[in-house]
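Undergrad: Dropping a prediction and its sequence here:
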Amino acid sequence: MDISVHLFKNKDKQINQLKYSLIIKSLVYFMNYWKTIKRVFKYFTYTLDYELHYTSYSMTLERCNEANWISNNNDSKYTSGYIFILGRTTVL
């Protein structure tokens, strides 16, 4: 805040209380958001040397499918699903 700016009590203008409360709410939200951003960057600075290593397994991407055909021959609907695996880790 600029220390050369002097604030005075408002004596003349009427202030819309709704606008005023929305401005204060926005400032509080921004302040909390800013604290969160600073916390995330602080976390990043302390974890710069952390690494994940996947050296034990080959880095092959596999796709597995599963399909279940409904046993009713008159119904042609089926259910299916899939999963991707990278090395030995499931990738969503």
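TA: Good, I have the coordinates.
Undergrad: helix or strand for I24, which one?
TA: Using DSSP states H and E, I24 maps to helix 17-46.
Undergrad: so what does that helix touch, helix or strand wise?
TA: Helices and strands touching helix 17-46, by 3 or more C-beta pairs under 8 Å, 6 or more residues apart in numbering; DSSP states H and E: there are none. Heads up, the C-betas are built off the backbone N, CA and C, glycines and all.
Undergrad: in a strand, that's where E62 is, yeah?
TA: Yes. E62: assigned to a strand according to DSSP: H, G, I helix; E, B strand; the rest coil.
Undergrad: Hmm, it is touching G87, no?
TA: No. With contact defined as C-beta atoms under 8 Å, E62 does not reach G87; the gap is 9.2 Å.
Undergrad: V28: neighbour count?
TA: Counted with other C-beta atoms under 10 Å, the neighbours of V28 add up to 10.
Undergrad: G87 too?
TA: G87: 15 neighbours (other C-beta under 10 Å).
Undergrad: I85 now?
TA: I85 has 14 neighbouring residues, counting by other C-beta under 10 Å.
Undergrad: now it, nearest residue through space, not along the chain?
TA: E62 (4.6 Å; C-beta to C-beta, 6 or more residues apart in numbering).
Undergrad: what's the domain layout of the chain?
TA: Domain assignment for the chain by automatic domain parsing gives 15-51, 61-91.
Undergrad: Now stretch 31-51: average pLDDT?
TA: Mean pLDDT, stretch 31-51: 90.
Undergrad: how far is it from where the chain is centred?
TA: Centroid separation for stretch 31-51 versus its chain: 14 Å, with C-alpha atoms, centre = their mean, to the nearest Å.
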